[in-house]
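> Just to be clear, the model below is a prediction. Sequence and coordinates:
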Amino acid sequence: MCPRCGHQLVAHRRNGVEYAYAFAVSGLLFLILSLLFDFLSFRASGQQNAMDLPAALLTLSDNDYTSLAIIMALGTLVLPGLTLLGIAVFQHLRLFAKPSKFAANTLLWIKRLMPWSMAEIFLVGTLVSLIKITSLADVYFGLSFYAYIAFTICFACAMLYFERVDAEWWLGDIEAGYEIPLDSKQANISVQRTWALLFTAALLYIPANTLPIMNTTLLGSNEPSTIVGGVRTLWESGSYPVASIIFIASIVVPVAKLFALAWLNYSVQYQHVTNQRLRAFSYRVTELIGRWSMIDVFVVAILVALIQLGNTMSIYPGPAVLAFCAVVFITMIAAMTFDSRLIWYEFDDE
């Protein structure tokens with residue numbers, strides 16, 4: 001436990017290295033399987049369409065949203081896969097080799113990739129998108145869907161058993177990368193950089209909520225939908241749990257994260273010395289929940305990839321989807337830029 005804030009730093013689990021190794025290797029195998037078969041298929045008005053994950057990326061690219069396809073590929077396939085590969089390599093070294101600079105660099109990249117790996121968020125987004133379209137069509141799960149569920153479970157278990165603090169203890173004096181010394185100059189740089197990122201995210205949040213995030217073509221008529229409009233439609237249709245999830249993930253979380261980071265940055269800029277434990281806890285929560293705002297983006301990506309039936313029924317991404325992605329990513333970077341050590345230190349002005 002941390003003597004300052006009471007946060008648990010490490011949990012020693014029996015055979016944790018072996019379990020993390022096994023789950024990482026198993027997750028990689030399931031990830032490969034999730035690419036080989038149909039992921040979802042649906043039937044509506046006598047027409048049927050099937051989707052696999054590589055085809056989903058191509059569909060997004062064909063609709064002139066290559067950037068969204070890249071984001072989806074990185075967040076749901078590439079980065080989670082690289083994270084598991086890194087864990088498998090690192091745990092293999094722990095079991096069969098001695099600490100080395102290569103192992104230290106592997107650990108460094110694992111820590112860098114972890115926040116951007118969004119397999120579990122994509123899976124929840126997939127389930128939300130299915131609830132949205134079950135009233136319009138019959139949806140069927142393919143083998144890749146179940147393989148991806150297994151991959152997500154293995155990924156979560158590998159994260160659970162992989163103890164970064166314990167790994168650093170194993171490395172001992174071998175270090176990869178160097179922590180920036182904590183002084184007044186670096187503190188000011190951290191504060192100003194965080195303010196700039198928060199201001200940019202706040203500006204982008206306006207088009208993210210006012211422009212359409214999704215356009216639905218139904219029998220030749222186009223129906224644009226904003227984030228708030230989508231939540232309202234789900235609520236009025238009786239899908240209260242799904243509407244609540246989208247409302248919390250897409251509206252409450254981004255706004256709460258902006259205000260929380262602004263409060264934390266303001267408090268360290270003016271060297272407040274009160275509520276330090278509360279501020280440290282708020283930072284950890286903010287850092288943890290920020291990624292989950294991507295649910296709505298993944299919902300749009302799945303619906304676009306799955307529902308392409310011409311004028312009968314088709315869904316296309318709206319301009320707000322990229323603005324919303326930018327809000328999520330910039331606030332995540334702002335949380336990383338904010339130096340949480342400043343909560344506990346005071347500096348004299350130079």
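Cool, got the structure. Given the structure is predicted, the values throughout are model-derived calculations rather than measurements.

> Report the residue spans of the stretch 51-200 of the chain with pLDDT below the cut-off.
135-137, 173-183 (pLDDT under 70).

> could you pull out the strands for it?
Using DSSP state E, counting those that start in this stretch, the strands of the stretch 51-200 of the chain run over residues 138-141.

> hey, where'd the helices end up in it?
All helices of the stretch 51-200 of the chain, identified by DSSP state H, counting those that start in this stretch, fall at 53-62, 66-73, 79-96, 101-113, 119-133, 143-161, 164-171, 184-210.

> Quick check: buried residues in stretch 48-68?
In terms of neighbour count (16 or more other Cβ atoms under 10 Å), stretch 48-68 has its buried residues at N49, M51, D52, L53, A56, L57, T59, L60, N63, Y65, L68. Bear in mind the C-beta positions are built from the backbone N, C-alpha and C, glycine included.

> how is this protein carved up into domains?
13-178, 183-350 (automatic domain parsing).

> Just the C-alphas of stretch 199-213, formatted as CSV.
Backbone C-alpha positions of stretch 199-213 (Å, rounded to 0.1, in the frame of the first residue of the first chain) are rendered in CSV as follows:
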residue,chain,number,x,y,z
PHE,A,199,-8.6,23.6,-23.9
THR,A,200,-8.3,21.8,-27.3
ALA,A,201,-10.5,18.9,-26.1
ALA,A,202,-13.2,21.4,-24.8
LEU,A,203,-13.3,23.1,-28.2
LEU,A,204,-13.6,19.8,-30.1
TYR,A,205,-16.4,18.6,-27.7
ILE,A,206,-18.7,21.2,-29.3
PRO,A,207,-18.7,19.8,-32.9
ALA,A,208,-18.6,16.3,-31.4
ASN,A,209,-22.1,16.9,-29.8
THR,A,210,-23.7,19.2,-32.4
LEU,A,211,-22.8,17.5,-35.6
PRO,A,212,-24.3,14.1,-36.6
ILE,A,213,-22.3,11.1,-35.4
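
> Return the distance of stretch 39-55 from the chain's centre.
How far stretch 39-55 lies from its chain's middle: 26 Å, per Cα atoms, centre = their mean, to the nearest Å.

> same thing with stretch 246-254?
On Cα atoms, centre = their mean, the centre of stretch 246-254 falls 14 Å from the chain's centre.
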